[in-house]
Structures are given as structure tokens and as C-alpha cells.
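# Okay, predicted coordinates and the sequence, questions at the end:
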Amino acid sequence: FTHISYNDYTVVSRNILEGKNLSIKNRQIPYCMFTDPQLGRIGLTSEQAKEQKIKHKVVSLTMDKVGRAIETNESKGLIMAVVDVKSKKILGASVLAAQGGEIMSVLQMAMAGGITYEQLRYFIFAHPTYAEALNNLFVELD
């Protein structure tokens, strides 16, 4: 994976040139398979959350309920997220959809920034975009 190698380089160069003490331990590694539709993945699966004894929920939304997907006639697939019941943080996500890697990247940034699913549920996304699906994805939680 090119993106992992580039991140390795960034960590090493910043440690050497800037005197940082950065580590690659515990970093979230995203991946995207450029199939049709794309598959984007980040973070924990439900099974991994169970193994770590994290009380969690899994939420999903089929792409035929996403306005942009309907408009572009690319409504195959789904978005699935694993969320922590207590902290309301997103633990992981899988996106099998047109622009699945892009949608996954929005969830990755939310995870890195500690943004909860409650915040994403009510976030104002531009219309019509694939990111707008995140409002509907989290609407039925709680």
C-alpha cells in the first residue's frame, strides 16, 4: 500500500529532521479497493470490537436511500459503521459504494478528530453529495 509507505516516510523524516518522537503504533490504516462499486474500510469490525469487549452497535444504510446515489444511478452497495455505545465515537466503517473510498475518508477524519456519530447525524453536508448519507446512517441510533 503506497499510502502506508508514504506515512512511514513522513514519520521517519519528521523524527529525524524535526526531532519528533512519532510512532506508527496504533495508527488507523484505511484501505480502498477500486472495484465497482469501491470498497473503503477503516478501523474496527464488529467482531474486533467484541474481542476487545467494547459495547458497540452496528448501523447500516443501503445506497438506494442516498439521494446522490439515486441521482447518479449508482445505488448499489451500503455504508456500515461500528460505534461505541458509551462514547458515541465511530470505531470503524465499511463503505461499499460509488465513491466508497471518499465516503470512508470522511468517517476516517471523524474518527481521528473524535467526532461522535451524534455530531455527524446533524452535520450540514452540501446537497446533493454522497457525504450527506452520513446524516441518515446515524439517524436511528439511540
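On my side now, so go ahead. Numbers count the residues shown, from 1 in each chain.

# in the protein, which spans are strands?
For the chain, applying DSSP state E gives strands covering 31-33, 38-43, 56-62, 78-84, 90-97.

# just those: most buried one?
Among the strands of the chain, strand 90-97 has the highest mean neighbour count (mean count of other C-beta atoms under 10 Å), at a mean of 25. The C-beta positions use only the backbone N, C-alpha and C, and glycine is treated the same way.

# For it, give me every contacting residue.
37-45, 48-49, 54, 56, 63, 66, 69, 74, 76-84, 101, 103-104, 107-108, 110-111, 115-117, 120, 130 (C-beta atoms under 8 Å, 6 or more residues apart in numbering).

# Specify the beta-bridge partners of the closest residue to Asn136 other than its chain neighbours.
Counting by C-beta to C-beta, 6 or more residues apart in numbering, Leu61 is the residue found nearest to Asn136 once chain neighbours are left out, at 5.6 Å. When bridges are called by DSSP bridges, Leu61 pairs up with Ile79.

# which residues touch Leu61?
Leu78, Ile79, Met80, Ala133, Asn136, Leu137.

# swap in Ile103?
By C-beta under 8 Å, 6+ apart, Ile103 lies in contact with Gly40, Ile79, Val95, Ala97, Tyr130, Ala131, Ala133, Leu134.
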